[in-house]
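Engineer: make a model of this:
(one chain, ligands or ions: 1)
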Amino acid sequence: MSNPILVVENLRKYFPIKEGIFNRTKNYVRAVENVSFSVNERETFAIVGESGCGKSTTGRSILRLIEPTSGNVVYNGIDVLALSNKELRGLRKEIQIIFQNPYSSLNPRMTVKKLLSEPLENNYKLGQKEIQEKVESMIDKVGLSRKHLDRYPHQFSGGQRQRISIARSIITNPKLVIADEPVSALDVSIQSQILNLLMELQKELGLTMIFISHDLNVVRRISNRVAVMYLGSIAEIGETEDIFNTPFHPYTEALLSAVPSLDPMVKKKRNILKGEIPSPINPPIGCVFQTRCSKVMDICKKKRPELIEIDKNHKVACHLY
Ligand code: SF4
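Structural biologist: As a prediction, this is how the structure comes out:
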């Protein structure tokens, strides 16, 4: 395994809740709580979990699209949280994000040519001919045609728009791409094409990818390693096949038992999650999963379990281990 290109340590993001005429902070939404992981060069690292678990906030905090409350983010030896705004703008050509919704992430008044030229004009000193060549080469790479360059986003289907978003994200030649639910707004048949495109581009360009998703089937297909998040924290982290074949955390087990098997002969025992996800404003003391866990013990209500390695490259935060 190659070296980590990104190290995230004890990342926290609390959103203040303000009230009253003096707009005082009354409480916080604890969206991300002490999240730590590293991402190796050229791997796809997935962050998976239900809606509201903090996975997208984690992704955006790495890029400082949302300012983290505390923690460390080190990219290629650079302390990202210590950068000035100007330095951060420089870094953003190396770390790019692909958003979930290709309908809102593309400026409707720009042609595809302008959408793809703009990041090059903003980040590099290139002549028009060079920009034209890079734009044409990129439109070929993402499987669209050069005749599409003079069209506007509304003239494309959802899948084609996501191809344009991907092209815009990678045209600056980034090393790290954060893909935030990049296929969840698309039809299932189109999802597969976009996943294939991302996998091909990753291989061809040597990209490192953080892939954020709620869809376990998609994650299994695309990622090398997975972190499972619940209520702002990592419950389990490991290599994809280990997580899917031998999940340790009761939450991971429950999530996986709900995924339909592709083999009709395989009958799965479903472990249905009961109860509501607690509020991230007042998370429970101890294990945050205790209110829904079928194996809850006394200690789970008193002490928060730490993420510990219990098998090679496989860590879990649970008092059962
Ligand atoms: Fe369940 Fe306790 Fe493990 Fe939390 S620490 S997942 S409550 S057994």
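Engineer: all contacts plus neighbour counts: C-alpha atoms, from now on.
Structural biologist: Noted.
Engineer: any idea how far Asn107 is from the closest residue to Thr111 other than its chain neighbours?
Structural biologist: In space, and not counting its chain neighbours, Thr111 is closest to Tyr152: 4.6 Å by Cα to Cα, 6 or more residues apart in numbering. Per Cα to Cα, to the nearest Å, Tyr152 is found 9 Å from Asn107.
Engineer: what of Asn23?
Structural biologist: With Cα to Cα as the criterion, Asn23 and Asn107 are 34 Å apart.
Engineer: more crowded one of those two?
Structural biologist: More neighbours surround Asn107 than the other of Asn23 and Asn107, with 15 against 9 (other Cα atoms under 10 Å).
Engineer: what's next to the helix or strand where Ile5 lies, contact-wise?
Structural biologist: Following DSSP states H and E, one finds Ile5 within strand 4-19. Strand 4-19 has contacts (Cα atoms under 8 Å, 6 or more residues apart in numbering) with 24-41, 57-58, 61-62, 67-76.
Engineer: show me which of the residues you listed are buried.
Structural biologist: The neighbour count (16 or more other Cα atoms under 10 Å) marks 29-33, 35-41, 57-58, 61-62, 67-68, 71-75 as buried among the contacts of strand 4-19.
Engineer: thought Ala179 was touching Pro102?
Structural biologist: No. In terms of Cα atoms under 8 Å, Ala179 does not count as a neighbour of Pro102; the distance is 12.0 Å.
Engineer: what sits against whichever residue of the stretch 51-200 of the chain sits closest to the ligand?
Structural biologist: Nearest residue of the stretch 51-200 of the chain to the ligand, counting by Cα to the nearest ligand atom: Cys53, 15.2 Å away. Contacts for Cys53 (Cα under 8 Å, 6+ apart) come out as Ala31, Met229, Tyr230, Leu231, Gly232, Ser233.
Engineer: what packs against the helix or strand hosting the first one?
Structural biologist: In this assignment (DSSP H and E), Ala31 forms part of strand 24-40. In terms of contacts (3 or more Cα pairs under 8 Å, 6 or more residues apart in numbering; DSSP states H and E), strand 24-40 is packed against strand 4-19, helix 55-62, strand 208-213, strand 233-239.
Engineer: after it comes which helix or strand?
Structural biologist: Defined by DSSP H and E, the subsequent element after strand 24-40 is strand 44-48.
Engineer: does anything pack onto that following strand? Which helices or strands?
Structural biologist: strand 208-213, helix 216-222, strand 225-230.
Engineer: quick one, which of those gets closest to the ligand.
Structural biologist: strand 225-230 (10.3 Å).
Engineer: what's the first helix or strand after whatever helix or strand Ser117 lives in?
Structural biologist: According to DSSP H and E, Ser117 maps onto helix 112-123. Using DSSP H and E, the helix or strand that follows helix 112-123 in sequence is helix 128-141.
Engineer: now the helix or strand just after that following helix against helix 128-141, angle please.
Structural biologist: Proceeding N to C from helix 128-141, the next assigned helix or strand is helix 158-170, under DSSP H and E. Here the directions of helix 158-170 and helix 128-141 differ by 140 degrees (axes from the mean of the first three to the mean of the last three Cα atoms, to 10 degrees).
Engineer: and helix 158-170, what does it pack against?
Structural biologist: Using 3+ Cα pairs under 8 Å, 6+ apart: helix 158-170 touches strand 95-98, helix 112-123, helix 128-141, helix 188-205.
Engineer: export the ones you listed as TSV, with columns for distance to the ligand.
Structural biologist: Formatted as TSV, those follow (distance: least, Cα to the nearest ligand atom, whole Å):
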stretch	distance to the ligand
strand 95-98	32
helix 112-123	44
helix 128-141	44
helix 188-205	32
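Engineer: for the ones you listed, which one ends up most surrounded?
Structural biologist: strand 95-98 (a mean of 23; mean count of other Cα atoms under 10 Å).
Engineer: hey, what's Ile97 bridged with?
Structural biologist: Ile178 (DSSP bridges).
Engineer: ok, residues contacting stretch 223-231?
Structural biologist: 31-32, 43-50, 52-55, 211, 219, 234-240, 243, 252, 277-278, 280, 288-289.
Engineer: ugh, typo on my part, it should be stretch 115-135
Structural biologist: Stretch 115-135 is contacted by residues Gly90, Lys93, Leu106, Asn107, Lys113, Ala167, Arg168, Ile171, Thr172 when judged by Cα under 8 Å, 6+ apart.
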